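# Let me see the structure of the following:
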Amino acid sequence: MTDVTADQGLIHDVKIHVEDSGGDGRPVVLIHGWPLSGASWADQVPALSDAGYRVITYDRRGFGESDKPHGGYEYDTMTDDLASLLEALDLRDVTLVGFWMGGGEVARYVTRHGQDRLHSVVFAAAVPPYLLKTEDNPDGPLTEDAAKEMADGAKGDRDAFFDQFTMQFFSANGELKVTEEQRQQAIELCRQSDQRALIGCMEAFGTTDFRDDLAKITVPGLVIHGDSDATVPFEGSGRRTHEALAQSELVVIADGPHGINTSHAEEFNRALLAFLQK
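Here you go, the predicted model:
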């Protein structure tokens with residue numbers, strides 16, 4: 001357990017909470033989804049550590065145990081936070097694993113910081129290439145009306161929003177794919193989020209275009225996605241990301257909701273470990 005200090009632009013000395021398994025294995029950095037924290041990787045950390053990897057999780061600014069500054073909740077700054085982490089721990093030959101909005105940091109990292117430190121990248125139920133449906137992005141799965149409805153919900157009763165959100169997050173075809181205990185654990189992680197971070201990051205992952213970022217990635221990639229993801233639908237995100245990457249593998253988890261790293265943890269871990277071992 002440690003903290004990394006990110007010093008970005010006008011927002012100085014933001015402490016990013018990091019959990020590091022240590023060891024000499026090749027590093028794997030797990031980047032959590034919105035509005036959770038690094039603790040959401042609880043089903044992955046032991047499996048990867050047992051396989052000999054050095055596993056690093058961290059809480060994005062505004063979430064979990066990290067500092068909660070007034071701003072910096074756009075992808076350039078959040079990606080620079082990630083770069084500060086890699087530099088502070090001097091991580092090299094790294095695999096970046098980005099879940100949901102974390103996939104945006106993976107893509108933007110290559111644009112802003114290059115690939116010298118990278119071995120490979122993983123996009124798990126991730127938002128790239130571009131979530132918002134626009135005239136020049138007709139396949140974007142997020143309509144403006146749906147984005148507004150989600151934002152309105154988050155700005156209202158937080159507990160009610162998190163309850164509804166986690167039901168969709170973990171459900172496929174109307175059926176909850178995790179235990180109620182697991183869903184309540186996710187709600188507790190959601191409650192740790194700062195309201196400014198909650199809204200700012202929602203706007204960021206909903207409106208950021210990563211198409212040019214994906215075109216710059218040449219290291220090996222894995223795209224893993226549930227076929228029944230109602231939050232970030234596969235056809236508008238995972239499939240398009242796979243097609244956009246210069247070299248990538250695709251794993252589609254049958255009957256998988258958005259939160260596949262929890263609902264289908266064993267299948268998710270098998271796919272991730274198989275990719276890491278190549």
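
# how about low-confidence regions in the stretch 101-250 of the chain?
For the stretch 101-250 of the chain, no stretch has pLDDT under 70.

# hang on, residue 181 is in a helix, isn't it?
Yes: Residue 181: assigned to a helix according to DSSP: H, G, I helix; E, B strand; the rest coil.

# What about it, how many residues nearby?
If you count neighbours by other CB atoms under 10 Å, residue 181 ends up with 8. In this view, the C-beta of every residue, glycine as well, is placed from N, C-alpha and C.

# Next: residue 68.
By other CB under 10 Å, neighbour count at residue 68 equals 17.

# isn't it right up against residue 198?
No: judged on CB atoms under 8 Å, residue 68 makes no contact with residue 198 at a distance of 10.3 Å.

# Need the overlap of contacts for those two.
Common neighbours of residue 68 and residue 198, counting by CB atoms under 8 Å, 6 or more residues apart in numbering, are residue 62.

# what comes up buried for stretch 248-261?
Within stretch 248-261, the residues scored as buried using 16 or more other CB atoms under 10 Å are 248-253, 256-261.

# How about stretch 223-241?
223-234, 236-241.

# what do you get for stretch 63-70?
Those would be 63-69, for stretch 63-70 by 16+ other CB under 10 Å.

# who touches it?
The contact list for stretch 63-70, computed with CB under 8 Å, 6+ apart, reads 11, 14-17, 32, 35-39, 58-62, 189, 192-194, 196-197.

# Filter these down to just the ones in strands.
11, 14-17, 58 (DSSP state E).

# just curious, which of the buried residues of stretch 248-261 is nearest to residue 202?
residue 258 (14.7 Å; CB to CB).

# ranking the ones in strands among the contacts of stretch 63-70 by neighbours, who comes first?
Neighbour counts for the ones in strands among the contacts of stretch 63-70, by other CB under 10 Å, peak at residue 58, which reaches 26 neighbours.

# just to revisit the earlier point, now the buried residues of stretch 63-70 in a markdown table, with pLDDT and secondary structure?
A markdown table is the format used below for these (pLDDT from 0 to 100; DSSP: H, G, I helix; E, B strand; the rest coil):
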| residue | pLDDT | secondary structure |
| --- | --- | --- |
| 63 | 98 | coil |
| 64 | 97 | coil |
| 65 | 94 | coil |
| 66 | 94 | coil |
| 67 | 93 | coil |
| 68 | 95 | coil |
| 69 | 93 | coil |
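
# hmm, back to that, could you tell me which of the buried residues of stretch 248-261 are located in strands?
248-253.

# the strands in the chain, which residues?
Using DSSP E, strands in the chain cover 2-8, 11-20, 27-31, 54-58, 94-99, 118-124, 171-172, 175-176, 221-226, 248-253.

# Out of the ones you listed, flag the one nearest residue 77.
Per CB to CB, nearest to residue 77 of those: strand 2-8, 5.1 Å.

# ok so, going back, tell me which of the buried residues of stretch 248-261 is nearest to residue 140?
residue 258 (16.6 Å).

# so who does that closest one touch?
Here residue 258 is in contact with 100, 125, 168-170, 226, 229-232 (CB under 8 Å, 6+ apart).

# among these, which are in helices?
Those of the contacts of residue 258 mapping onto helices are 168-169, per DSSP state H.

# any chance of the contacts of residue 258 in a markdown table, with distance to residue 114 too?
Formatted as a markdown table, those follow (distance: CB to CB, whole Å):
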| residue | distance to residue 114 |
| --- | --- |
| 100 | 24 |
| 125 | 26 |
| 168 | 36 |
| 169 | 33 |
| 170 | 36 |
| 226 | 31 |
| 229 | 30 |
| 230 | 35 |
| 231 | 31 |
| 232 | 27 |
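
# Can you tell me which of the contacts of stretch 63-70 are buried?
By 16+ other CB under 10 Å, these give 11, 14-17, 32, 35-39, 58-62, 189, 192-194, 197 as buried.

# List the contacts of the residue nearest to residue 221 when sequence neighbours are not counted.
In this structure, residue 221 finds its nearest non-sequential neighbour in residue 248, 3.7 Å apart by CB to CB, 6 or more residues apart in numbering. By CB under 8 Å, 6+ apart, residue 248 lies in contact with 220-223, 241-242.
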